[in-house]
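*Asks:* everything below, folded, please.
(one chain, ligands or ions: 2)
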Amino acid sequence: LAQQFDTGQLSGKHVVITAGPTREALDPVRYISNHSSGKMGFALAQAAAEAGARVTLISGPVNLPTPPQCERIDVISADDMLQAAEHATSDCDVFIAAAAVADYRPANIAEQKIKKSGEHITLTLTKNPDIVATIAGQPTPPFCVGFAAETQHLGEHAQCKLQRKRLDMIVANDVSQPGIGFNSDDNAVSVFWPGGKQQLAQASKQQLARQLIQLMAERLSATQP
Ligand code: CTP
Ligand code: CA
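*Replies:* Numbering: from 1, shown residues only. Ligands and ions are numbered 1, 2, ... in the order given. Have a look, this model is predicted:
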C-alpha cells in the first residue's frame, strides 16, 4: 500500500479535519463527553499531509501528538468546534468531520459546582449545532466527508446521513464490533457517496486513512474536474 500511495494527490489543496470528542460543561468541574480517542481523525490528518495537502486539524480534548506538517487548533465544546470549522473552511477544498461531536449540551452551565441533594437529578440538554451539515450547507461548500458510527442498520443509516447532511462522502463503521472503531487501533469501514460504495477491510487506522484519502482525492477530481 505504501508504494501505491501517491503522495502528490492532494498537493495545492487545503484539507480541514475535525477529530476527537467534544466536552460539554455542566458546571466548573464536570462535563458530558464520549470515548472518542481522535485516532482516526489524526491518522487522516497525517495521510492528507503525506498526500501533499495543507492540513488544519481541529481537535477536541485528546491525548495524541500533532502529526507532522499539520496546523492544530484545540477546542473543547461543539460550539467552539463549529466556530473554528467555519473559520478554517473559508478557503478549504475538503472538509472531513471525524469528530464525535456531543449531540446535546447542558441547557445551562452552573456557575458553581452543583451540590449533591435528593435521590434523583434531572438534566435538561439542548441540541448542539451540526457542524458538518452547517459546512455542507454553505453556498459554495468544500467537498464534505462525514463519518457514521452505528450499532445497527449501518448502510441505511449512513446513506440517510449522506443525503440529509448533503455530504459528498460518508465513512460508516459498526461500533458494536469489538476491536474496531471507537477508541481502538483498528477500523473497518464502508464508504458511500452519491451513486457508489466501497468496503475497506479491517486494517490499522493509519492504513485505512491512506485508503480513505486516496478515495476522497479520486471523488474530488471526479466531481470537480
Ligand atoms: N457531526 C457534526 N456535528 C454534530 C454531530 C455530528 O459535525 N453536532 C458529524 C460527525 O462528525 C460525523 C457525522 O456528523 O461526521 C455523523 O455523526 P453521527 O453522530 O453519526 O450522526 P448524527 O447526525 O449525530 O446522528 P445520530 O448520533 O443520531 O446517529
Ligand atoms: Ca451523534
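*Asks:* okay, CA-based contacts and neighbour counts for the rest of this
*Replies:* Noted.
*Asks:* list the buried residues in the longest helix along the chain.
*Replies:* Looking across the chain with DSSP state H, the single longest helix is helix 205-223. For helix 205-223, a neighbour-count test (16 or more other Cα atoms under 10 Å) marks 205-214, 216-217, 219-220 as buried.
*Asks:* so for that helix, mean pLDDT?
*Replies:* For helix 205-223, mean pLDDT rounds to 95.
*Asks:* can you list contacts of it?
*Replies:* Helix 205-223 has contacts (Cα atoms under 8 Å, 6 or more residues apart in numbering) with 1, 5-6, 9-10, 39-40, 43-44, 47-48, 51, 143, 169, 185-188, 200.
*Asks:* rerun that using 6 Å as the cut-off
*Replies:* Residues from elsewhere that reach helix 205-223 (Cα atoms under 6 Å, 6 or more residues apart in numbering): 40, 43-44, 47, 186-187.
*Asks:* residue numbers of this protein in contact with ligand 1?
*Replies:* Contact residues (Cα under 6 Å from any ligand atom) of the chain with ligand 1: 97-101, 103, 128-132, 146-149.
*Asks:* filter those to the buried ones?
*Replies:* Among the residues of the chain next to ligand 1, the ones that count as buried by 16+ other Cα under 10 Å are 97-101, 128-129, 131-132, 146-149.
*Asks:* just those: which are in helices?
*Replies:* Those of those lying in helices (DSSP H): 131-132.
*Asks:* pLDDT weak spots in the protein?
*Replies:* In the predicted model of the chain, residues 1-7, 181-183, 225 satisfy pLDDT under 70.
*Asks:* what about the strands in it?
*Replies:* Taking DSSP state E, the strands of the chain run over residues 14-19, 24-27, 30-32, 54-59, 70-74, 94-97, 104-106, 125-127, 143-150, 169-174, 186-193, 196-204.
*Asks:* ok, residues contacting the third one?
*Replies:* Okay, so that is strand 30-32. 23-25.
*Asks:* switch the cut-off to 8 Å
*Replies:* By Cα under 8 Å, 6+ apart, the residues outside strand 30-32 that reach it are 23-26, 102, 105.
*Asks:* related to what we said a few turns ago, report the angle between the longest helix of the chain and strand 186-193.
*Replies:* Orientation note: helix 205-223 sits at an angle of 10 degrees relative to strand 186-193 (axes from the mean of the first three to the mean of the last three Cα atoms, to 10 degrees).
*Asks:* quick one: buried residues of stretch 19-28?
*Replies:* Buried-residue list, stretch 19-28, by 16+ other Cα under 10 Å: 19-26.
*Asks:* no, scratch that, I was asking about stretch 62-74
*Replies:* 62, 66-67, 69-70, 72-73.
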